[in-house]
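>>> Could you look at this predicted model? Sequence included:
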Amino acid sequence: MKQQHIIRKVLVAALLATVCMPVVNAQQTRQQRLRQHLYYLASDSLEGRLAGSVGGAKARQYILNQYKEIGLQPYSGNGIYPFRPSQQVSSQMLGKDSLNNIIMIIPGSDPQLKNEYIVLGAHYDHVGIKGGKVYNGADDNASGSTALIEIARELYAHRSELKRSVIIAAFDGEEEGLFGSKEMVKMLGKDIDKVKVMLSIDMVGWLSANDALIIEGSSTLKGGKETLQQLGEEQGMRLKLKTFERSVMTATDTEPFAKQGQRPTLAVTTGLKSPYHKPEDDADLIDYEGMDRICAYVSELTLRWATDRAPLEPSGKVAPKHSNHLRPFEIGPAIGLGSAGFRYPGSAFYGKNSIEGHAGIDCRLNHNLWTLQGEALFNAAVMPKPDFDGTLADAFDDFSRETQMGLFVPVTLIYNLTTKGDFYFGAGANYRLLLNHTAEYHNNLWGVHCVIGFRIGQLGLSLKVLRQLTPYYIDGTKPKTTSLQSWFTISYML
């Protein structure tokens, strides 16, 4: 009786596991399978798939089961690669458990080319529960994880045709700082040089809303644009090809790969039209027909790369955000605000400050840690000045406001503390041509300035303090008058 009781408990447990874990039938259409994967991965029961959480572990086990069911073999070991982030992370950002990547491989058959890797990656984590609300992350990035399962299925079905090996990587910890992809690059070690191209699938569930598949980084692979465009025309897929990944505020799992030897990386997405990082990002809003088309496109693209003997070569062009060094020449727009006011050296008068604004072009020549910066800016400032009518009270209390507009050209020698120009300081000289001067003013003004600033990728923020040396007034009987200005400037290097 005791044995029967134990057998009954085992059978009940097995039945419950079968009911709780979705069963995917390979005879279903791909679109049906996509829907089934995604509804599970974006379900409330996974509690937003926070990295290191129980919900994250459920998502990982589901994905691993799908990979095994397809027939993928682990890259090494059992295919699960636990890790902890190398940098300090707030305990509120991660669950209690370790983070885990899933890395599988479909080996190529060519004796030489099988040692060249094409990496397809998608992160499966999201941001968990906030304020009592589950952030299911259907588009971000249950959609990419789901698509990768079906792309892997298609590639495995053609495994006998592959010359190059294809690595299928499900990353953990992307939301908190690309931890999973960073860990994979670290794990590969010297084998990172075998990676010929890396493609990240991140947020691909809103094709109909975007009306096109966005592929960023198309110029990092030699001949990449032509291949992408040709396949798009063959499959009737409208594409938005972007030369590089340019977004300053967002990143995807391509970044750690691009920064290791500046290898070709492509980011595939349908954009940010979904309820990005909101609790409304649910499975019922996903465009499954569009996802099906994206799977067909990426599968065929990968097959062409993996079956063609033509070399996969970097173009030599690198996205500025992925570069570890400043480019030799940079140019971009600049805009800013600050304060400005007259100063009266050698007299009893003092100056009041008011608002200043400027906009124009920022150009930079970079060499190692040094930068020569030249700017051409339109500058407008409201300058309070005392009315010089001969009374001391008026000199101190009776101020009028004068708007001055000019063409401002500062030239600055900058020293960068790192080769990426993350933080810098410098000094230089400047010239201002007053555009609304009167006969009482000099219209050619010279000065000096100092600057301190920092950069995040292509975006820069700087503080410049400017001291005018040329007196404003032509009339030598008036008090000597110059200006002191401080500017905050935001620039973006194209």
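Received it, and whenever you're ready, just let me know what you need.
>>> Spatially nearest residue to the residue positioned nearest the centre of the chain, not counting backbone neighbours?
Note on the chain: the residue nearest the mean C-alpha position is Ala251, at 2.6 Å, using Cα atoms, centre = their mean. With Cβ to Cβ, 6 or more residues apart in numbering as the criterion, Ala251 has its nearest non-adjacent residue at 6.2 Å, and that residue is Leu178. Heads up, the C-betas are built off the backbone N, CA and C, glycines and all.
>>> quick one, phi/psi of that neighbour?
Main-chain torsions, Leu178, degrees, to the nearest 10: phi 60, psi 30.
>>> Let me see the domain layout of the chain.
20-322, 329-492 (automatic domain parsing).
>>> weakest of those by average pLDDT?
Note on those: domain 329-492 shows the lowest mean pLDDT, a mean of 84.
>>> Any idea how far that domain is from the middle of the chain?
The chain centroid and the centroid of domain 329-492 are separated by 33 Å under Cα atoms, centre = their mean, to the nearest Å.
>>> now the strands: where do they sit in the stretch 101-250 of the chain?
Applying DSSP state E, counting those that start in this stretch to the stretch 101-250 of the chain gives strands spanning 117-123, 129-130, 133-134, 165-171, 195-201, 213-216, 239-242.
>>> Give the pairing partners of the second one; include direction for each.
In the sheet containing strand 129-130, the strands it pairs with under DSSP bridges are strand 133-134 (antiparallel).
>>> what do you get for the fifth one?
The pairing partners recorded for strand 195-201 under DSSP bridges are strand 117-123 (parallel), strand 265-269 (parallel).
>>> repeat for the fourth one
Strand pairing for strand 165-171, determined by DSSP bridges: strand 99-106 (antiparallel), strand 117-123 (parallel).
>>> What are the contacting residues of the shortest one?
So the one you mean is strand 117-123. 141, 144-145, 147-148, 151-152, 164-175, 180-181, 184, 191, 194-202, 253, 257, 298, 302, 305-306, 312 (Cβ atoms under 8 Å, 6 or more residues apart in numbering).
>>> Buried only: go through the residues you listed for me.
Those of the contacts of strand 117-123 that meet the buried threshold are 141, 144-145, 147-148, 151-152, 164-175, 180-181, 184, 195-202, 253, 257, 298, 302, 305-306, 312, by 16 or more other Cβ atoms under 10 Å.
>>> circling back to that earlier point, how about JSON lines for the strands paired with strand 195-201, with mean neighbour count and distance to Phe454 added?
Formatted as JSON lines, the strands paired with strand 195-201 follow (neighbours: other Cβ atoms under 10 Å; distance: least, Cβ to Cβ, whole Å):
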{"stretch": "strand 117-123", "mean neighbour count": "27", "distance to Phe454": "28"}
{"stretch": "strand 265-269", "mean neighbour count": "26", "distance to Phe454": "25"}
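>>> wait, Gln229 sits on Met237?
No. The criterion here is Cβ atoms under 8 Å, and Gln229 misses it with Met237 at 10.0 Å.
>>> higher neighbour count, the two?
Met237 (19 against 15; other Cβ atoms under 10 Å).
>>> Using the three-state scheme, assign the residue nearest to that one when sequence neighbours are not counted.
In this structure, Met237 finds its nearest non-sequential neighbour in Tyr297, 5.2 Å apart by Cβ to Cβ, 6+ apart. Here Tyr297 is recorded as helix under DSSP: H, G, I helix; E, B strand; the rest coil.
>>> For Tyr297, give its distance to Leu228.
Tyr297 is 9 Å from Leu228, where distance means Cβ to Cβ, to the nearest Å.
>>> for the stretch 201-350 of the chain, what spans make up the helices?
Taking DSSP state H, counting those that start in this stretch as the test, the helices found in the stretch 201-350 of the chain are 207-210, 224-235, 255-258, 288-307.
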